[in-house]
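Novice: Mind looking at a prediction? Sequence and model below.
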Amino acid sequence: MQIGDVIKKYRKEKGITQEEMARRLGVTAPAVSKWENGTSVPDIMLLGPIARLFEISVDTLLSFQEELSPKEIADLMQALDKRFNEESYDEAFHWAKKKLEMYPNCKQLIWQMALVLDARHMTMDVPDSDKYDSYILDWYSQGLSSDDERIKTSAADSLFNYYVRKEEYEKAEEYLKYFSEQNPMRKQKQALIYSKTNRVYEAYKSYEEIVFSSSQMLSLVFNGIYMLAVSEGNMEKARKMIDKQEELARFFEVGRYQEVSPRLDLATLEKDADTVIQTMQEMLASVGELGAFSKSSLYEHMTFKKLDTAFVEDMRDKLLECFRDTETFRFLIGNERWENLVK
């Protein structure tokens with residue numbers, strides 16, 4: 001928002017005419033009109049009196065606290081894109097620079113424009129392209145001070161990628177601190193730095209940890225979708241989700257137990273006695289392989305705690321106790337296979 005727009009906005013809010021404002025400031029009414037039309041701006045000595053008249057700060061008068069709406073940001077980004085199609089990189093760059101000077105506290109706009117300018121100067125034939133780097137880096141860095149975690153992380157991501165491109169890996173690694181420990185992007189980026197700096201074992205281990213945690217997360221996601229489908233009575237979708245969980249366990253090589261166990265709940269709901277009993281048998285047979293993933297080459301650089309015999313036997317006993325629940329498996333009462341299994 002230009003200063004003339006700010007003056008017009010607050011003058012109307014105060015219910016003051018241009019003539020009255022001019023009288024209070026000791027200027028002419030046409031002068032005020034020119035400010036509001038954008039054909040001239042107030043003398044610097046008048047900024048304080050104008051701000052006091054409207055009971056606002058000088059920063060607000062100058063739009064330094066101005067935030068833009070998503071639509072306003074989108075419009076500016078569209079205008080920048082259009083300029084790249086019609087003007088040189090340098091002309092578009094300086095237009096963007098002036099816009100950012102108008103809205104120095106709009107971190108979203110600053111980061112987005114810096115990202116576009118950075119991308120364009122990598123893909124366009126730009127003379128002396130390095131001279132723009134300091135501006136782009138400064139704009140990225142401003143995003144790190146944003147209160148919006150999304151903007152802060154995006155700015156850190158942009159700075160990380162910039163220094164990786166420049167093969168300044170130590171500098172790139174500094175920006176990982178802006179990603180939470182739980183953010184998979186952090187581990188992926190750390191693995192990239194390891195691989196680029198010849199820390200091969202650490203790179204493998206980091207990538208394997210991402211794969212393993214992804215298998216667990218996806219299993220939870222598919223199970224969540226399965227539960228939703230069951231609650232809605234959409235059994236076709238529920239069966240599909242069970243199939244996906246089995247495929248997922250096989251793909252990530254986490255063991256036979258994880259492949260077969262999701263079937264039990266659906267087969268029980270459908271009172272499919274043969275599938276329930278078969279699944280129970282396979283779960284009991286594979287319970288000793290709960291840690292099978294630790295032997296997979298997918299995770300050969302990771303360290304897992306070895307399952308001891310006592311844990312396996314305790315797990316098998318708990319499964320049998322669960323399978324004996326006549327409330328849940330009432331439909332199996334009288335089934336010889338089930339009764340022999342749970343003895």
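Specialist: That came through fine. Residues are numbered from 1 along each chain as shown.

Novice: gap between the helix or strand of the chain with the lowest mean pLDDT and the chain center?
Specialist: Least confident helix or strand of the chain, by mean pLDDT, DSSP states H and E, is helix 58-61 with a mean of 79. In terms of CA atoms, centre = their mean, to the nearest Å, the centre of helix 58-61 is found 34 Å from the chain centre.

Novice: same thing with stretch 135-155?
Specialist: The answer for stretch 135-155 is 14 Å, by CA atoms, centre = their mean.

Novice: what's next to it, contact-wise?
Specialist: 93, 97, 100, 107-108, 110-111, 113-114, 117-118, 121, 156, 158-159, 162, 178-179, 183, 185 (CB atoms under 8 Å, 6 or more residues apart in numbering). The C-beta positions use only the backbone N, C-alpha and C, and glycine is treated the same way.

Novice: ok, now with 6 Å
Specialist: 107, 108, 110, 111, 114, 117, 118, 158, 159 (CB atoms under 6 Å, 6 or more residues apart in numbering).

Novice: Tell me the one of the residues you listed nearest residue 258?
Specialist: residue 158 (38.3 Å; CB to CB).

Novice: and the closest residue to the closest one other than its chain neighbours, how many residues sit next to it?
Specialist: Spatial nearest neighbour of residue 158, chain neighbours left out: residue 140 (4.9 Å); criterion: CB to CB, 6 or more residues apart in numbering. The tally of other residues near residue 140 (other CB atoms under 10 Å) stands at 24.

Novice: same thing with residue 219?
Specialist: Count around residue 219 with other CB under 10 Å applied: 18.

Novice: what helix or strand does it sit in?
Specialist: According to DSSP states H and E, residue 219 maps onto helix 200-231.

Novice: Name the nearest of the contacts of stretch 135-155 relative to residue 232.
Specialist: Comparing the contacts of stretch 135-155 against residue 232 with CB to CB places residue 108 closest, at 38.1 Å.

Novice: how far away is that closest one from residue 55?
Specialist: For residue 108, the distance to residue 55 equals 28 Å [CB to CB, to the nearest Å].

Novice: For these two, work out which one has more neighbours and name it.
Specialist: residue 108 (18 against 10).

Novice: for the stretch 51-200 of the chain, which spans come out with low pLDDT?
Specialist: 63-67 (pLDDT under 70).

Novice: domain ranges for the protein?
Specialist: Domain ranges of the chain: 3-61, 70-178, 202-342, per automatic domain parsing.

Novice: can you count the residues close to residue 283?
Specialist: Look at residue 283: counted by other CB under 10 Å, it has 20 neighbours.

Novice: Just the buried positions in the helix or strand it falls within, please.
Specialist: Taking DSSP H and E as the criterion, residue 283 maps to helix 273-286. Under the neighbour-count criterion of 16 or more other CB atoms under 10 Å, helix 273-286 has 273, 276, 277, 278, 279, 280, 282, 283, 284, 286 buried.
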